[in-house]
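>>> Any chance you can model this:
(one chain, ligands or ions: 3)
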Amino acid sequence: MSAAPVVVLVGPMGVGKSTVGQLLAERLGVGYRDTDDDIVVAEDRSIAEIFVDAGEPVFRAIEKRAVRRALVGHDGVLALGGGAVLDADTRALLAGQRVVYLSMDVEEAVRRTGLNAARPLLAVNPRKQWRELMEARRHLYEEVATVVVATDGRTPEEVVQAALDALELKDA
Ligand SMILES: Nc1ncnc2c1ncn2[C@@H]1O[C@H](COP(=O)(O)OP(=O)(O)O)[C@@H](O)[C@H]1O
Ligand SMILES: O=C(O)C1=C[C@@H](OP(=O)(O)O)[C@@H](O)[C@H](O)C1
Ligand SMILES: [Mg+2]
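Residues are numbered from 1 along each chain as shown. Ligands and ions are numbered 1, 2, ... in the order given. From the prediction side, this is the model:
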């Protein structure tokens, strides 16, 4: 069986992919899936534990497989982890998809993620880490995006509406 997500959400940690993804799925009357959740279930350990125990390259290899599986096995809204676009094969798979890049500025990012131990990449000096992450990744998010939706100063519900408008999708 092969399916394709109706919408794929990409963007940095804390931008609201998981929050917005669930609301968007409700609005569209479809299922919601999150590759980070798939990984936690399959590995039976948290994302932070995988980073600490096995290291980032192992996490990225697991993530790549999880994204590939979800892209052919899920027909609802799919949220990816913030670093999934680092992989060139993943970006190639996203080329044929309807992809929303959720964006935000640095201050909003630091406010939302703060010192969150569940996000190991931001555990130390979050503002500097976030700037560097965005410098490395912004063009990758833009490369895979069908539309860009700014989340600054918007509630999750407003972000969902902006995404539906940008994609010219009607809700269920
Ligand atoms: N539009 C928004 N405005 C304010 N806070 C938000 C918004 N979207 C998400 N959040 C909050 O930001 C944090 C990160 O959201 P999450 O959905 O986990 O992001 P991601 O999956 O992109 O890492 C959560 O605490 C969430 O409640
Ligand atoms: O940006 C990243 O490299 C990561 C983002 C996280 O997902 P969220 O973007 O959902 O927080 C999670 O996959 C992991 O901590 C690595
Ligand atoms: Mg998430």
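
>>> quick one: contacts for the residue in the chain that ligand 1 sits nearest to?
The minimum distance from the chain to ligand 1, using CB to the nearest ligand atom, falls at G16 (2.8 Å). C-betas here are computed from N, CA, C, even on glycine. Contacts for G16 (CB atoms under 8 Å, 6 or more residues apart in numbering) come out as 102, 104, 112, 151, 156, 159.

>>> taking those residues one by one, which sit in helices?
Secondary structure assignment (DSSP state H) places 112, 156, 159 from the contacts of G16 within helices.

>>> Closest to ligand 3 out of those?
Closest to ligand 3 out of the ones in helices among the contacts of G16 is R112 (11.2 Å), distances taken as CB to the ion.

>>> R91 versus that closest one, what's the distance?
25 Å (CB to CB, to the nearest Å).

>>> D38 now?
19 Å.

>>> Over to the closest residue to Q97 other than its chain neighbours. Which of the three states is it?
Closest residue in space to Q97, ignoring its immediate chain neighbours: V8 at 5.0 Å, by CB to CB, 6 or more residues apart in numbering. V8 falls in the strand class when you classify it by DSSP: H, G, I helix; E, B strand; the rest coil.

>>> rewinding a little: neighbour count winner among D38 and R91?
D38 (21 against 17; other CB atoms under 10 Å).
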